[in-house]
Structure formats: C-alpha cells, structure tokens
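Trainee: sequence isn't available, so here's the structure alone:
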C-alpha cells in the first residue's frame, strides 16, 4: 500500500502529547485558535457524506468572453450549476501555457502556511525568512478562488470541497533555505505540518463564515516512501531515513482531528510491507482515524475491493475517484455504474450499499516540480480547444467550456445512479 504501516499504534509519549492550546509534538498540531467549524467534535460532525465532487481543477479552453480572464469564477459558477446540492469544489485553477501548467498543487498548499514563508527555485519550493513574489502569487490565487466561491455560492449552505496535498506530501516537496530536504529535519517538518494545519483551519473558517460547510480533501500520495525510507535526497543518489510510523500517524491524526471533515485521498489500497510484515490498508486507515477515504478506480483490484468493504462496514466513508478520461463522455453513467456494481457484488456485498459511495472526478493539480501537464492530457486539451465553441452534450468538447464541466456531469450522474439502486 502506498500509505503507511498498520502496526499497532501506541499512545503518544508524554513529550508527544499536546498541552492545552499548544502545538503538539511529533509533527501533530493543536487547535487553540480554530473556530467551531474546525474544532474537534464527534464522529457525526466529522463525517463526509456520500456525494459527488471533482478535484477542483479548471483549465480554460478558449472562446472569447469576459469570463475567460476569470477562470476561477467560471469554474465556481459551473460547479454550483452542475453539482447543485453535492459538493462543489473550491476552484484551484491551473492555467496552461504551452506544455506546462502555470500552477501546481504543492504551491497551493504552501500558500496556506501560517507564519512561514516560501519561494520557488529551479529545484522546487523552499522555506525562506521572508515572503517573495511566488508566495504572493499563491496567496492571490487562493484569494481569487475564495472570491469566486463566495460569489457563485451566495446563499448556498451545503458542503464545498477543497482539495490540497496532504501534510506529508507537502513536506516531501519542500526544502530548507540551504537546499536540504525538510523531510530530513525533525524540527522543520514539525513546524511545516503545524503551520499547514493552522493555515487550512484559517481558510476553512473563512469558508464557514461565508455560510458554507467546508470539507477538506487531503491528497496523500507519498506516505510509502516516507515510511520505508525510499524518498530520495536532492541529488537523487541517496534516500532519506524512514520516518517512524508513530510520528507519521500522529501528524495525520492530529491534522484530521483539528480540521473540518477530511476526505483522505490515497493512491491505492495495496498492503504495505514494513519490517517484513504485510499490513492491510483498512487497518492503517482505521488506525490513523480517517473518517472518509477515496481511492482511484484504476488502482482497485480484488483485494482492494475487499478492503473497501471492510472500511464501509466499519463506518468509514468510501469514495471512488474516476479516471480523468471519464469526463470525456458524461453520458456513460450506466457503464460506470456497472463497473462499480460488478466487483462490489462479486465479493458478497449488496449492490444497494453502493448508495453510500461518494464519487470524485477530474484531473489532479500536479504535485511534481516542474509541474508538467501529462502528454495524454495535453492532447485531450487540444481536442477540447478545437470544439470549445460547441455544446453538443457529448465528449470533452461537447461538454461545454472544457473538461471540468464533463467531470462534474459524470460525477453527479453516477451519484444519482447509485442512489437509485434497489
């Protein structure tokens, strides 16, 4: 599994226990300054209801109108229009220039660090003593996203989703001012994880004050190399020491505890071999206190479906993320419903229980640096531009105004199809 070990989790030692109102050790965070919207509560308060949403990505696809210069507002307006009472996403916009993205998921996350500063170098992002141009650009982009959400969602009191890199994924992408990786420095990674949790909580509180209920989606794609000591150094010739699973778990548990409902997105549900022991994914997910988890449909194998069933029976919210290509034809809802029903019933689960599944669709913002757009997506974008002026109702071009609308349509359509299962 690309997440973490499921070894029994011991209670944190006294030096790891957070004092009231103070920051927790072991990379964990405290919540002294968070509002009721992000405070710790019961399981019901932290649950992520089965719904439909997207990763929140929007790529302008041509066409001359005044909204083209405001893609975040266009994305938000489309999200509320198509997804309705599901979970419209915060429009974390990725502009595309030639064959590169002009924005990346790591930058969006770093824009939320409270009282820490960053800038971008030739080798990626690093901590600095003062903010620079890149930090201001990320802050401006987040401000634009919030303004778009508030404008388009005025009067909406439901849940909205904000997709961000998970705390450990963020740490792996960040260097110290010297160029040394933050992951290899205990104090630095603790400070980054704490500042990140506080920053997310601040932004979530801002969304709550606008009358909406925030759901935070954390994309943790790099836990396996962090836990197994396989994450490379800056040179690429060596790897950094493994981080103790107790420290990794403590950070994830605390981050989730002190935020609004969290949807934890993992790359797969494969078992992880740690110190010679194979650990089932469901054991790990329960151990770190996740209330809801999403996994890409493309990575689900027979054992993965069994792990999903275990999680569902344990009350953990289960979400399936459709491939990016699913947005190309939102009319294929029946085919996607069959693709979920067949393996789910094959392991002995009732088809009706699929009503409790959430559905995600859309492309992720890139997490690598430089943030290149995959060649397949670039080709699809080209075809989308070619038909951007049409609105035939099928295909990326026909979905109207780019692939994000198509992703929203198929996510919402599949959710309705699952709700109708008898």
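Mentor: Happy to help now that I have it. The model shown is predicted, which means the values in this text are computed figures rather than measured ones.
Trainee: switch to C-alpha atoms for all contacts and neighbour counts from now on
Mentor: Noted.
Trainee: now the helices: where do they sit in the stretch 301-422 of the chain?
Mentor: Assigned by DSSP state H, counting those that start in this stretch, the helices in the stretch 301-422 of the chain fall at 302-313, 333-346, 375-386, 395-398, 403-419.
Trainee: pLDDT on the fourth one, on average?
Mentor: Read it as helix 395-398. Mean pLDDT, helix 395-398: 32.
Trainee: again with the second one
Mentor: Regarding helix 333-346, the rounded mean pLDDT is 96.
Trainee: just the residues contacting that helix, thanks.
Mentor: With C-alpha atoms under 8 Å, 6 or more residues apart in numbering as the test, helix 333-346 has contacts from 302, 305, 350-351, 354, 410, 413-414, 417-418.
Trainee: okay if I get the helices of the stretch 301-422 of the chain as CSV plus distance to residue 126 and mean neighbour count?
Mentor: Shown next, in CSV, are those (distance: least, C-alpha to C-alpha, whole Å; neighbours: other C-alpha atoms under 10 Å):
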stretch, distance to residue 126, mean neighbour count
helix 302-313, 36, 18
helix 333-346, 42, 15
helix 375-386, 28, 16
helix 395-398, 37, 25
helix 403-419, 31, 25
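Trainee: what would the ones you listed look like in TSV with distance to residue 174?
Mentor: Shown next, in TSV, are those (distance: least, C-alpha to C-alpha, whole Å):
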stretch	distance to residue 174
helix 302-313	31
helix 333-346	37
helix 375-386	26
helix 395-398	35
helix 403-419	29
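Trainee: figure out which of those is closest to residue 164.
Mentor: helix 403-419 (17.3 Å; C-alpha to C-alpha).
Trainee: what about that closest one, average pLDDT?
Mentor: Across helix 403-419, the average pLDDT comes to 91.
Trainee: tilt between that helix and helix 333-346?
Mentor: 50 degrees (axes from the mean of the first three to the mean of the last three C-alpha atoms, to 10 degrees).
Trainee: which strand residues bridge residue 163?
Mentor: residue 217 (DSSP bridges).
Trainee: ugh, wrong one, I meant residue 121
Mentor: Under the criterion DSSP bridges, residue 121 forms beta bridges with residue 124.
Trainee: please tell me how far it sits from residue 77.
Mentor: Counting by C-alpha to C-alpha, to the nearest Å, the gap from residue 121 to residue 77 is 34 Å.
Trainee: the strands in the protein, which residues?
Mentor: Counting by DSSP state E, the chain has strands at residues 52-54, 96-97, 100-101, 117-121, 124-128, 159-165, 174-175, 213-219, 262-265, 272-274, 277-279, 292-296, 317-321, 357-361.
Trainee: from the chain's centroid, how far away is the fifth one?
Mentor: Here strand 124-128 is found 21 Å from its chain centre; the criterion is C-alpha atoms, centre = their mean, to the nearest Å.
Trainee: and what of the fourth one?
Mentor: What separates the centre of strand 117-121 from the centre of its chain is 22 Å, taken as C-alpha atoms, centre = their mean.
Trainee: if you count contacts, what does that strand end up packed against?
Mentor: strand 124-128, helix 133-152 (3 or more C-alpha pairs under 8 Å, 6 or more residues apart in numbering; DSSP states H and E).
Trainee: the last one too?
Mentor: For strand 357-361, the helices and strands in contact under the criterion 3+ C-alpha pairs under 8 Å, 6+ apart are strand 52-54, strand 317-321, helix 403-419.
Trainee: between strand 292-296 and that strand, find me the angle.
Mentor: Using the same axes, to 10 degrees: strand 357-361 against strand 292-296 is 50 degrees.
Trainee: buried set for strand 357-361?
Mentor: Using 16 or more other C-alpha atoms under 10 Å as the test for burial, strand 357-361 gives 357-361.
Trainee: ok, now stretch 180-191?
Mentor: Here stretch 180-191 shows 181-184, 188-191 as buried, counting by 16+ other C-alpha under 10 Å.
Trainee: re earlier: now flag whichever of the buried residues of strand 357-361 is closest to residue 206.
Mentor: The closest of those to residue 206 turns out to be residue 360 (C-alpha to C-alpha; 24.0 Å).
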